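1. Build me a structure from this.
(2 chains)
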Amino acid sequence: MSDSPAKPHQESPVPHPEEENIASDLTELRSLLIGPDLKERFENSKLRSEDVSRVLPDAIHLSAQTDDSAFPRAMVPTVEQAIKSSVNTDQNILSEALFPIMGPAIRKAIAAAIQNLIDSLNQSLEHSLSPQSLNWRFEAWRTGKSFAEVLLLRTLVYQVEQVFLIHKTSGLVLRHLAAATAAAQDADLVSAMFTAIQDFVRDSFSVSDDTLGSLQVGELTIWVNEGPQAIIACVIRGNPPGRLRQTMENALERIHLVQERQLHGFQGDSSAFEPSQPYLEDCLLSQYQTKQKRSLPLKWIGGVVGMIILGLGAWGIWSTHERHQVQNFVDQLNQAPGIVVLQTQKQDGQYVISGLKDPLAAEPTQLIAKTDLDPNKIDFRWEPYLSFDPAFVQSRVTSLLQPPKTVTLDMDANGAVHVKGTASQAWITQANQLALRLPNITQFNTQHVVPLEAGVLADIKAKIEDQTLFFTQNAQLVPKQDAKLRILVKEIKKLTQTAETIHQTVAVLVEGHTDTSGSEQTNLYVREARAKAIISLLSKQGIKKSLFHPVSIESSEGATSDATQVSQSNRKVTFKIIFVHPSDAD
Amino acid sequence: MLQKKICMVGAFATGKTSLVARYVQGIYSDKYQTTVGVKIDKKTVSVLGQELNLILWDIHGEDEFQKIKMSYLRGSAGYILVVDGTRRDTLGTVFQLQAKAKETIGDVPFITIINKYDLNQDWEIGEEELDELSQREWTYLMGSARTGLGVEECFTKLAQMMIY
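-> Numbering: from 1, shown residues only, chains lettered A, B, ... in the order given. Here you go, the predicted model:
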């Protein structure tokens, strides 16, 4: 203890007897009030902890009894931390502690899941071999849907018409909800009856913990989920899906959690179960939603299916229309000369038209332009070939032979080409050679073509035959006839060339003439000499000698009035051109 | 609104169903119909200004072949023991049933109605029996489903007992 209470004794050697009394009283009072070890107790944390530990259990117990949630709330963080710490330190402790609870909980969850699965399976099996299923199978066949789709569409139509929250022991209704469209019976009676039935089943079959999960009455199915204090029962029209069980289970769990006290202390006042309403609505509402979802998706599905059908129809019509168009186009192509369509295929939304096409044929891409078809949708694959269409043959003949404008080409059905008009012999010859090389030309008839050269020859012939070369009395040329000679050389050369081009054999008769004076023998000699002299002269100008044939022309004319002139005019050489027909040759 | 589950308990053919029919629907039929399992009815009453929904569980009568399943009584706020005044042994049955009920659901209010008072020539319940009821401090009354005697009173009385 402190020294202060003793101080007065030490510092006042002669204390007043009264003061001494007061001081000792104070000391006594202090020791009475605080006690000798209280200060130590306050300052020594170990001692204080021991003190608190003695009262703590009672304090907690008291706190729990006072219905005050402050203490539990205050404990939450600590407990959470404690659990966390425990798990971190040794997981086994907590896991062993929880094992007895976890096991059944997990088993229950698994059982519920399996039950849901079985419900779904049952539903499927139930509908797999019934007369109705045959109907549905027919529907599936008719609509082209899978049986599963039809099954789903037809079996999932359901509505939770009523939801009961029932007090388990008394069977009294805690809360009752009915769908707006459902005809609700007296909830109190129904609820009590459920409970009675539950009791009956439990007693009759000696199953203490289990409960009747569902009832089937005509179109109505009653699903019952049982909790420790309350039961949720759903009256369902149609075939409920397995997940409804889960919704019910969740609602039941929530209600037990939120309204545990009310459930325990239920004395017939159901108004206390107002807070359960939302959870029960979940069962009903989710069914409403499901119903809406059902009808909505149905509408949607219907809409979508309708759209698809419409789309398919439109597509079908369009595609038929398109196919029709393509077919028309193919027909057009086939009618066009020089195009043979062998195959029309549809590949990746494109039409592939393949076949044979003459290079001279009209361009198909240009033909598309005349239709409504999209050129990008059509792919052509042509193999080149030669068409024997008369127009093409003629065109090919024309382009190959390049006929002059003065001839016309006509082709008959047998492939014979008849040429008329005039053309150079060179062209005629070339054409004759080339034409027959063309396919499908059986005959190339140029008989009726007058070679241009023939006319030229006639002109030359006339020019040459116009020339007369005069002679003196013997075989000497009268001077100043060079011009005539030049003409002769030029024309004869032209004659031979031209004749050669048309394969015309020509002969130039060089006719020697004499006057009548002198003896006939002399005259003959002179005539021949004169002809030969000219032949010699001309051949010296580069003209083949063989072309010329000397001819002696006997003087036939009678006596003329002017004997000298006559004589002079008869001392001459004239020319005669003879065309030898090829057939006449030799 | 307050709801209370009330069970009709008694031997077979004591008139439990008839009492309920008389009380709920105001009718009576001589035709006997045995109850199989439970029949449930409902009646809303006003007791001392308090609206009350009585859910009446008409449990099948007990006989030598069929014992009452006490599980039906669970959650009851009260029960009515029905005695057939013309069959003394039905009183003994209710004594047994009451003991079992007490065992199952504890001390809940109950009332005894001695039915068929209209058949007084066959009446078998005398002073001695009534004394026994008094000794047990049971609330009892005479009644008749046929005439309606004591029926309303019986249910109303039980309702009052349940509230207070």
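2. From B:Ile113, how far out is the residue nearest the centre of chain B?
-> Closest residue to the average C-alpha location of chain B: B:Ile80 at 2.9 Å, with CA atoms, centre = their mean. When distance is defined by CB to CB, to the nearest Å, B:Ile80 is 6 Å away from B:Ile113. C-beta: built from backbone N, CA, C; applies to glycine.
3. how about the residue in chain B that chain A sits nearest to, what does it touch?
-> Among the residues of chain B, B:Gly75 lies closest to chain A, at 2.6 Å counting by CB to the nearest CB. B:Gly75 sits next to A:167-172, A:195, B:5, B:105 when contact means CB atoms under 8 Å, 6 or more residues apart in numbering or on different chains.
4. Could you rerun that using 10 Å?
-> A:167-172, A:192, A:195, A:199, A:266, A:268, B:4-5, B:7, B:55, B:57, B:105, B:108 (CB atoms under 10 Å, 6 or more residues apart in numbering or on different chains).
5. hang on, it in a strand?
-> No: assessed with DSSP: H, G, I helix; E, B strand; the rest coil, B:Gly75 is coil; it does not lie in a strand.
6. Just give the nearest non-adjacent residue to it, would you?
-> The spatial neighbour of B:Gly75 that comes closest, neighbours along the chain excluded (CB to CB, 6 or more residues apart in numbering or on different chains), is A:Ser170 at 2.6 Å.
7. Surely that neighbour is in a helix?
-> No: assigned with three-state DSSP, A:Ser170 falls outside any helix and is coil.
8. What about it? Give its phi and psi, please.
-> phi -90, psi -20 (degrees, to the nearest 10).
9. Check it and give its pLDDT.
-> Here the pLDDT value assigned to A:Ser170 is 84.
10. quick one: contacts for it?
-> Contact analysis of A:Ser170 by CB under 10 Å, 6+ apart lists A:191-192, A:195, A:266-268, B:3-5, B:55, B:57, B:73-77, B:105.
11. SS state for residue 112?
-> Unless you meant another one, I'm taking chain A. Secondary structure for A:Ala112, judged by three-state DSSP, is helix.
12. What about it, how many residues nearby?
-> Per other CB atoms under 10 Å in any protein chain shown, the neighbour tally for A:Ala112 reads 15.
13. What of A:Ala233?
-> By other CB under 10 Å, 27 other residues sit near A:Ala233.
14. That one and A:Val190 touch, don't they?
-> Yes: with contact defined as CB atoms under 10 Å, A:Ala233 reaches A:Val190; the gap is 8.3 Å.
15. Could you name every residue contacting both of these two?
-> Residues within reach of A:Ala233 and of A:Val190 at once, by CB under 10 Å, 6+ apart, are A:162, A:164, A:166, A:173, A:176, A:222.
16. Take those and lay them out in TSV including secondary structure and distance to A:Ser399.
-> Formatted as TSV, those follow (DSSP: H, G, I helix; E, B strand; the rest coil; distance: CB to CB, whole Å):
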residue	secondary structure	distance to A:Ser399
A:Gln162	strand	95
A:Phe164	strand	99
A:Ile166	strand	103
A:Val173	strand	105
A:His176	strand	100
A:Ile222	strand	95
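17. Mind picking the two most distant members of those?
-> Pairwise distances across the shared contacts of A:Ala233 and A:Val190 (CB to CB) peak at 14.4 Å, for the pair A:Val173 and A:Ile222.
18. okay, the closest residue to B:Thr35 other than its chain neighbours: pLDDT?
-> Once flanking residues are discounted, B:Thr35 sits nearest to B:His60: 4.4 Å by CB to CB, 6+ apart. The score at B:His60 is 87. That number is its pLDDT.
19. Tell me which helix or strand A:Pro100 sits in.
-> Using DSSP states H and E, A:Pro100 sits within helix A:91-126.
20. Assign A:Gln447 to helix, strand or coil.
-> Assigned by three-state DSSP, the conformation of A:Gln447 is strand.
21. I figured it hits A:Val417, correct?
-> No: contact criterion CB under 10 Å: A:Gln447 and A:Val417 do not qualify, at 11.8 Å.
22. More neighbours: those two, which one.
-> Between A:Gln447 and A:Val417, counted using other CB under 10 Å, A:Val417 has the larger neighbour count: 22 against 7.
23. my guess is that one is in a helix, correct?
-> No: counting by three-state DSSP, A:Val417 is not part of a helix but strand.
24. and it, bridged to which residues?
-> Beta-bridge partners recorded for A:Val417 (DSSP bridges): A:Met411, A:Phe444.
25. now the one 4 residues further on
-> Going by DSSP bridges, A:Gly421 is paired in beta bridges with A:Val407, A:Val449.
26. gap between A:Phe71 and A:Ile83?
-> 18 Å.
27. Quick one: name the residues of the stretch 151-300 of chain A near chain B.
-> Within the stretch 151-300 of chain A, the positions adjacent to chain B are A:167-174, A:186-200, A:202-204, A:208, A:266-271 by CB under 10 Å from any CB of the partner chain.
28. Filter the residues you listed down to just the ones in strands.
-> Per DSSP state E, strands hold the following members of those: A:167, A:173-174.
29. Scan the residues you listed and report the most crowded one.
-> Highest neighbour count within these: A:Leu174, with 29 neighbours (other CB under 10 Å).
30. Next up, the contacts around that one.
-> A:164-168, A:191, A:229-232, A:255, A:259, A:262-263, A:266, A:269-274, A:276, A:280, B:3.
31. swap the cut-off to 8 Å and go again
-> Residues in contact with A:Leu174 (CB under 8 Å, 6+ apart) are A:165-167, A:230, A:266, A:270, A:273, A:276.
32. And it, how far from A:Gly227?
-> Using CB to CB, we find A:Leu174 at a distance of 12 Å from A:Gly227.
33. Assign a three-state SS to the residue nearest to the centre of chain B, would you?
-> Using three-state DSSP, the structure places B:Ile80 in strand.
34. Relative to B:Lys16, how far out is it?
-> B:Ile80 is 8 Å from B:Lys16, where distance means CB to CB.
35. wait, isn't B:Val83 in contact with B:Val94?
-> Yes: the criterion here is CB atoms under 8 Å, and B:Val83 meets it with B:Val94 at 5.5 Å.
36. what about the two, which has more around it?
-> B:Val83 (30 against 27).
37. Let's see the pLDDT reported for that one.
-> We have a pLDDT of 94 for B:Val83.
38. so it bridges to which residues?
-> Judged by DSSP bridges, the bridge partners of B:Val83 are B:Ile114.
39. Enumerate every residue touching it.
-> Counting by CB under 8 Å, 6+ apart, B:Val83 makes contact with B:10-11, B:14, B:90-91, B:94, B:112-115, B:125.
40. for chain B, which spans come out with low pLDDT?
-> Filtered on pLDDT under 70, chain B yields no residues whatsoever.
41. average pLDDT across the helix or strand A:Leu457 falls within?
-> Following DSSP H and E, one finds A:Leu457 within helix A:452-466. Averaging pLDDT along helix A:452-466 gives 84.
42. A:Met102: how many residues sit nearby?
-> A:Met102 has 11 nearby residues by other CB under 10 Å.
43. In contact with it, which residues?
-> Contact analysis of A:Met102 by CB under 8 Å, 6+ apart lists nothing.
44. and A:Gln350, how many residues sit next to it?
-> If you count neighbours by other CB under 10 Å, A:Gln350 ends up with 13.
45. Surely it and A:Asp379 touch.
-> Yes: counting by CB under 8 Å, A:Gln350 touches A:Asp379, with 5.4 Å between them.
46. got a list of what B:Ser76 touches?
-> Taking CB under 8 Å, 6+ apart as the test, what B:Ser76 contacts is A:170, B:5-7, B:57, B:105, B:108.
47. out of those, who's nearest A:Val407?
-> Minimum distance to A:Val407 across these is 124.0 Å, recorded for A:Ser170 (CB to CB).
48. Tell me how many other residues surround A:Ala196.
-> Neighbours of A:Ala196 under the rule other CB under 10 Å: 20.
49. which secondary element of chain A has the worst mean pLDDT?
-> Lowest by mean pLDDT, DSSP states H and E among the helices and strands of chain A is helix A:7-11, with a mean of 46.
50. Tell me where the stretch 251-400 of chain A has strands.
-> Taking DSSP state E, counting those that start in this stretch as the criterion, the stretch 251-400 of chain A carries its strands at A:339-347, A:350-357, A:378-384.
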